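Enquirer: could you look at this predicted model? Sequence included:
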Amino acid sequence: MIQKSFSEVDPLLREHLLSLVTCYHRAGYQCYLVGGCVRDLLLGLIPKDFDLATDCPLEVTQTLFKRVIPTGVDHGTLTILSGSYSFEVTRFRKDVETDGRRAVVAFAKTIEEDQLRRDLKINALAFNPIDGTLVDSQGGLEDFKNKKIHFVGRAAERIKEDHLRAIRYLRMIAKLAPYGFTYDPDELLQVQACFDGTQLSLERIYEELNKIRKIPSRDNLFLTKVLTTLQIFSGRLSKSRHSQVIEQLLTLEDQTPLAFWVAVEKGLKFPPEDLRLSKKEKRMACLLLERKEQDWTSAVTLKSYLSALPPENRAYGAQAAEVILGVPVWKKSLDLLAAGEPLVLADLELSSSDLINRGLKGKALGRVHREILKAVWLDPGLNQRQELLRLVDHFI
C-alpha cells in the first residue's frame, strides 16, 4: 500500500525526495520519511508535507546540500531547499528531560530510539522510499491493521512530556474516525486526568484548533465534550463557560469567540492583549462587544455592524454575530450583501461635493452624512441621486 501511494506522489516532488534520501545514503547515513506523511501514505492519501529523519550530523548535512536553512538547530532540524520544494530534516533524537512544554533532547544513533519519543504508534513509523522498507519498532502497523489509535508507551507519560499532545491526540481521533479508527477509552481517561492547559501557550493551542477546523467530517459533539473536560483555557475562561466557547470555536474559523467571552467575563470593553489575537479577531470581538446589547432585529443595527467591517469579512462577521450572540442575522446578511444594498458612504449615489456645494462642512457635513446613510439603511430604495439631495435639504 505505501509504495503504491508513494508512486502516486507528484513525479517531480518524488524525484526531489528520492534524490535527497539517496544523497544521505551515498554519504553513509540513514534517512527515512517519518511522522504524518508515512501515516497518510498508509491511508492511501497524498501528504501535503514530507518530513525526514536522519543520523547525519547537522554540520555534515549543511555540506551535502547547497541550500540549507537552520530552522531549528537547537532541536536538530534543518530545512533543505530542493528546486521549488522544502523538506524538514531532523537528526534522530531522544528526550533527556521534559517539563510539559518543551523537551531537552540528545541526538540518537538509531531510528528505533527516535521512534520511542513519538506520541502515537501510527505516527512512529519510518519509511525508506528507496527500497520500500518500513521500520516499525512500536507496533504501528498492527494498529493500522486493527484500526486503533494507541500511544507509544503510557498515555499519561506522553502527555506529561508535552501537554499539547492531548489536543493533537483528539485531532488524530477526529481525522482518522472516517477511516474506521477508534481510540482506547482507558488512554483517553489518562489524557483527561493528567492534562494541564496552563502549561501551554495560546499560540500552540490556536495552531491545533486551526488544524482541527480543517477536518471536514469531524465530530464536533465529541470534540466539544472532551476539550471541555480538558479545560484547555484554564486560568483564562471560567469552567462553566468552556463548553459554550469551544462549541463556538469549532463552528467559526478563528478565535473571536474566546476573545469575546474572556472580555465579557472580565467586564472589559476590549479583549485582553495577552490573548495573542490577529487584527481581524480583535476588530470582530470589539464590534460585537460594542453591540451585544443592541436590537439586532433593527436594520440599522445590522447594517451599522456590517459597514464597520471590511467587505471581505462581512459574511463571516454576520456568522460570528449569529453564533456568538445568538441573533438570527447570517442569512439575512448574506441576502442583503448579495443584493448589493448600500452599507457605507461610498455606496451612496451622492458625493461629498454635493453636500459641500450646499455649504456643509466639518461636523455638520459628518452629521448629514450619517443621517442620510441611516435613512438609506432603513429604505435602500432612497439610494437615488434626487432622493438623496432631497434628504440633504431635509437634514440641513
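Expert: Yep, that arrived.
Enquirer: what's the helix or strand for residue 174?
Expert: Using DSSP states H and E, the element containing residue 174 is helix 164-176.
Enquirer: which element follows that helix toward the C-terminus?
Expert: Per DSSP H and E, the helix or strand that comes after helix 164-176 is strand 182-183.
Enquirer: distance from whatever helix or strand comes next after that next one to the middle of the chain?
Expert: Going down the chain from strand 182-183, the next helix or strand is helix 185-194, by DSSP H and E. In this view, helix 185-194 has its centroid 24 Å away from the chain centroid, taken as CA atoms, centre = their mean, to the nearest Å.
Enquirer: got the angle for helix 185-194 vs helix 164-176?
Expert: Here the directions of helix 185-194 and helix 164-176 differ by 140 degrees (axes from the mean of the first three to the mean of the last three CA atoms, to 10 degrees).
Enquirer: how about the CA coordinates for helix 185-194, as CSV?
Expert: Below are the C-alpha coordinates for helix 185-194, written out as CSV (Å, rounded to 0.1, in the frame of the first residue of the first chain):
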residue,chain,number,x,y,z
PRO,A,185,-11.1,4.6,26.3
ASP,A,186,-8.6,3.9,29.1
GLU,A,187,-6.0,6.1,27.3
LEU,A,188,-8.5,8.9,26.8
LEU,A,189,-9.2,8.8,30.6
GLN,A,190,-5.4,9.0,31.2
VAL,A,191,-5.2,12.0,28.9
GLN,A,192,-8.0,13.8,30.7
ALA,A,193,-6.6,13.0,34.1
CYS,A,194,-3.1,14.5,33.6
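Enquirer: contacts for the helix holding residue 174?
Expert: 43, 119-120, 122-123, 147, 149, 151, 158-159, 181, 183, 191, 195, 200, 204-205, 208-209, 211-212, 215, 218-219, 222-223, 226-227, 230, 232 (CB atoms under 8 Å, 6 or more residues apart in numbering). For glycine as for every other residue, the C-beta is placed from the backbone atoms N, C-alpha and C.
Enquirer: mean confidence for it?
Expert: Averaging pLDDT along helix 164-176 gives 97.
Enquirer: re earlier: any of the contacts of helix 164-176 buried? List them.
Expert: The neighbour count (16 or more other CB atoms under 10 Å) marks 43, 119-120, 122-123, 149, 151, 158-159, 181, 183, 191, 195, 200, 204-205, 208-209, 212, 215, 218, 223, 226-227, 230, 232 as buried among the contacts of helix 164-176.
Enquirer: just the ones of the contacts of helix 164-176 in strands?
Expert: 149, 183 (DSSP state E).
Enquirer: among the contacts of helix 164-176, which are in helices?
Expert: Among these, the members falling in helices (DSSP state H) are 158-159, 191, 204-205, 208-209, 211-212, 222-223, 226-227, 230.
Enquirer: between those, which is nearest residue 74?
Expert: residue 204 (16.9 Å; CB to CB).
Enquirer: against residue 151, how distant is the closest residue to the closest one other than its chain neighbours?
Expert: Excluding its sequence neighbours, the residue lying closest to residue 204 (CB to CB, 6 or more residues apart in numbering) is residue 164, at 5.2 Å. Distance from residue 164 to residue 151, counting by CB to CB, to the nearest Å: 14 Å.
Enquirer: which residues touch residue 358?
Expert: 392, 393, 396.
Enquirer: now residue 267: phi and psi?
Expert: Per-residue torsions, residue 267: phi 70, psi 30 (degrees, to the nearest 10).
Enquirer: report pLDDT for it.
Expert: Value listed for residue 267 in the pLDDT field: 96.
Enquirer: and the pLDDT for residue 348?
Expert: Value for residue 348, per-residue pLDDT: 90.
Enquirer: verify the stated contact: it with residue 371.
Expert: No - with contact defined as CB atoms under 8 Å, residue 348 does not count as touching residue 371 (11.9 Å).
Enquirer: what about the residue nearest to residue 204, how many neighbours?
Expert: 21 (other CB atoms under 10 Å).
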